[in-house]
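Participant: Here's a sequence, model it:
(chains A and B)
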Amino acid sequence: MSQRVDISEASEWTCSKCCKALEAGSVEVAYMGSKYPVELPRCPACGIVFIPEQLALGKMAQIEQLLEDK
Amino acid sequence: MIAAISKGDFQAASETFRRTVPFPGIISRVCDHPCESVCKRREVGDPIAIRALERSALAYAVPKEIRSPSIPKKDRRIAVIGAGLSGLTAAHDLARKGYSVTVFEAMDKLGGSLWHLPEDALPRSVMSDDFDALKRLSIEVRFGAPIDMSQPPHDLQQDFDAVYVATGRTPRQSGGEEASQPYFIEVDAATFETGRPGVFAGGSAVYRTEHHSPITSMSHGRRAAISIDRFLQKVSLRASRENEGSYETRLFTSTEGAQSMPRVPMTDLARGYSSDESQQEAARCLQCECMECVKVCEYLAHYKGYPKKYVRQIYNNLSIVMGQRHGNKFINSCSLCGLCKEVCPESLHMGEVCTAARKIMVDQGKMPPSAHEFALRDMDFSNSDAATLACHEPGMTSSDYLFFPGCQLSGTFPGHAKRAYEYLRNRLEGGVGLMLRCCGAPADWAGRVETFSQVLGSFRAQWRYMGSPSLILACSSCYAVFKSHLPEARLVSLWEIFDQRGLPQVDPMPGQGLLAIHDPCTSRHEEGMQESVRNIVKKLGLEIAELPLSRDKTECCGFGGLMYFANRELAEKVIERRIHGTTAELLAYCAVCCCHFGSMGKPTRHLLELIFGEATVGNAPARPPDYSERRENRVRLKNALLRELWSDQVSEPTELNPMTLNISDEIRELMARRMILVEDVRHVIQWAESTGAKLLHKKTGRFLAHFRPGTVTYWVEYSADEDGFTVHNAYSHRMEILEDSKT
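Facilitator: Model prediction:
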């Protein structure tokens, strides 16, 4: 999953607990026994990530479908 | 070939034709076209002028040599007696299989009886062009070499491994004279074997009729060549040869709606059709195909194929070991409704094929989890303690009957389910128990054999514990499930009881109006149920408009087989198709059908609404409840009945709402489309508020949080209000974020 998230949208969000701006960082995502590293905006302190709606319903859904049909 | 001509593609037509017959030039001039007598076009006009079109295919294409792949030579030798169409066809086919073929011909030229034809019927140049192609094959021709057929060909069998006798009806003797007496050889009609092993015969020497048929002679040559090849390979001469030569097709082609058209006249008889005339004549071809099921099924039409192709694709999909299984969605999209079988001349049921495929996918561990999970979770909920109930009639200790409204009626029209139960208690003697739960249809449709058997097992145990009462069913899907899987139970449709025991006296009665009855697909073979529904509608004083496809030919509402969960886009097309079948309001007697048509804007009444006078034709139907509301309705129905009928101390279902969520209709609809329940949203907010794990939007001050209670991660954008929370957006994904992987 090589898609980079539109950081401009991510810059609108901050971590509510740590009061920190989100930064791009490598996060692992897993489905159907496969794991992939993805670059996602996340809190540098607690690690909470941001997945925008478009990513969840677009690219991620597509990849889920591909993995399910494997 | 004809399809290509109709498009003006003579090149493609010619190539198809050349690939199919060994001597295309000759046959396009001399064929006696027996196929015309059975051409489907005869029913609506004249048969297609196939021979003339074959000639055009060759005439208007650039001649191109068709290269045959080089075949390894075989060391077996075959003798062919007679160089007429039959003998040369056999020689051609056998040489192409790698055999060494020797043709014995009494005359000094190829063609046999073709030479009897006048030059204008068969120009000699056409003959020589076609026979030139034989020169590239390993065929030796011995001219002036008559074989005396009065003697069995002993000598030949010493030198050759097989013999094909195609001497024609009046074989030439030594000296080239034709025999004075017609000649007939007895052969096996399927294999062309004579009484002597290794000796085969065909062509007009074996005809039983006077009529000489060049295409039949050619066909004999081809089929005898297959026998000879099998004979030399020592394999069965008879296996799988049913569809050789001419045979009556099983293909059904409807000529309904086809305009009657006469044959296109030929301006120049000597030249044949012009290219324009050829195209016009070819365009009359019906292109025989049976698409009866595809015509009536949105699903079969959607994938642009037809069952034969689909069944192969399904088989291939199930056989994939490594790689993408592109057919999964197709397999999961069928509503299993069985309309295809009803209209199929061969009774093929694609639903049965898809059900079997789903079971195999589940078995292989290859069923995509997203396809049916939501529906299966809903089934689990309906069968959880929160929603299930099983009681004898209040004040009774046994039940002659058990009312089973089904999870969808309970979720969609809980009030009607309650009133129906009251009606039944009033009208029937012997005790009417009540059971609230799901029959297991979702698991059955999803191919989850084990899950289904557990659900059915729990039901059966409970039902037996209550004394195996007669089941009164409101939902035709429950009816179908129990009919197939609980054959020991006596089933009665709620509608038959209303019909037989009389309608409740309600005020106001529905009054005047026209309703188109939609029979649910699971009622397809339940004539009694369908008849009762019509009787009820008439008793209510309403007029019935029958849909073009109804009763045993009814269509699915897009829910059957869990189509709606596996392929929403297609399910919506299915709903559209159904609701556009009539301008009248629809009447459904399945809660899901009713919701599905209503959700796409079609005024649809549920039969119980009319029976209880809670709706009339023409007034605006209420918005159907979404999945969350249906769950809440099931719980409320159970609790209300327990409280009111069995005086149980049930707390108000306030535990359903431990926090106040403000969700607009718009967001509610969005959540329903995304299969997100209010409960899922609540989980996310509870998690975020208790842990503080949430994002904050700098401008709007809204929060965004995510939580994964099971196999799906839900994201909710919300804000805090005085009395609770307002939901602004919700979405989900199935992929898991391993947030702890790198902190």
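Participant: residue in chain B nearest to chain A?
Facilitator: Nearest residue of chain B to chain A (Cβ to the nearest Cβ) works out as B:Pro368 at 3.6 Å. Where you see a C-beta, it was placed from the backbone N, CA and C, and this is true even at glycine.
Participant: Does B:Ala480 touch B:Thr522 like I think?
Facilitator: Yes - using Cβ atoms under 8 Å, B:Ala480 is in contact with B:Thr522, at 4.2 Å.
Participant: Could you pull up the contacting residues of the residue of chain B closest to chain A?
Facilitator: A:65, A:68-69, B:328-329, B:332 (Cβ atoms under 8 Å, 6 or more residues apart in numbering or on different chains).
Participant: circling back: same drill for B:Ala480 and B:Thr522, tell me which one is more crowded.
Facilitator: Neighbour tally, B:Ala480 and B:Thr522, criterion other Cβ atoms under 10 Å in any protein chain shown: the higher count belongs to B:Thr522, 26 against 23.
Participant: where do the strands sit along the stretch 551-700 of chain B?
Facilitator: B:585-588, B:604-606, B:661-662, B:695-697 (DSSP state E, counting those that start in this stretch).
Participant: mind checking which of the ones you listed is nearest B:Gly467?
Facilitator: strand B:604-606 (30.6 Å; Cβ to Cβ).
Participant: Next up, phi/psi of the residue of chain A found nearest chain B, please.
Facilitator: Relative to chain B, the nearest point of chain A is A:Glu68 (3.6 Å; Cβ to the nearest Cβ). Note on A:Glu68: its backbone torsions stand at phi -70, psi -30 [degrees, to the nearest 10].
Participant: And the pLDDT for it?
Facilitator: Note on A:Glu68: pLDDT of 96.
Participant: Please report how far it lies from B:Pro34.
Facilitator: 53 Å (Cβ to Cβ, to the nearest Å).
Participant: the more surrounded of these two?
Facilitator: Set side by side, A:Glu68 and B:Pro34 show more neighbours around A:Glu68, with 19 against 13, by other Cβ under 10 Å.
Participant: And for B:Ala83, the neighbour number?
Facilitator: 27.
Participant: ok, now which ones touch it?
Facilitator: B:91, B:103, B:105, B:107, B:109-112, B:141.
Participant: Let's see if you can find the most crowded of the residues you listed.
Facilitator: B:Ala91 (31 neighbours).
Participant: What segments of chain A are strands?
Facilitator: A:13-15, A:23-31, A:34-42 (DSSP state E).
Participant: will you turn the ones you listed into CSV that also has mean neighbour count, distance to chain B and mean pLDDT?
Facilitator: Shown next, in CSV, are the strands of chain A (neighbours: other Cβ atoms under 10 Å in any protein chain shown; distance: least, Cβ to the nearest Cβ, whole Å; pLDDT from 0 to 100):
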stretch, mean neighbour count, distance to chain B, mean pLDDT
strand A:13-15, 21, 4, 96
strand A:23-31, 16, 4, 94
strand A:34-42, 18, 7, 93
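Participant: right, and those strands - which one's nearest B:Met291?
Facilitator: Between those, strand A:23-31 lies closest to B:Met291; by Cβ to Cβ that is 39.1 Å.
Participant: Pull the closest one out as PDB, backbone CA atoms only.
Facilitator: Below are the C-alpha coordinates for strand A:23-31, written out as PDB (Å, rounded to 0.1, in the frame of the first residue of the first chain):
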ATOM      1  CA  GLU A  23       3.600  13.400  11.800                       C
ATOM      2  CA  ALA A  24       4.000  10.900   9.000                       C
ATOM      3  CA  GLY A  25       5.300   7.600  10.300                       C
ATOM      4  CA  SER A  26       5.500   4.000   9.400                       C
ATOM      5  CA  VAL A  27       2.700   1.900  10.700                       C
ATOM      6  CA  GLU A  28       1.900  -1.800  10.000                       C
ATOM      7  CA  VAL A  29      -1.500  -2.800   8.800                       C
ATOM      8  CA  ALA A  30      -2.600  -6.400   8.600                       C
ATOM      9  CA  TYR A  31      -5.400  -8.300   6.900                       C
END
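Participant: between that strand and strand A:34-42, how many degrees?
Facilitator: Put simply, strand A:23-31 runs at 150 degrees to strand A:34-42, going by axes from the mean of the first three to the mean of the last three Cα atoms, to 10 degrees.
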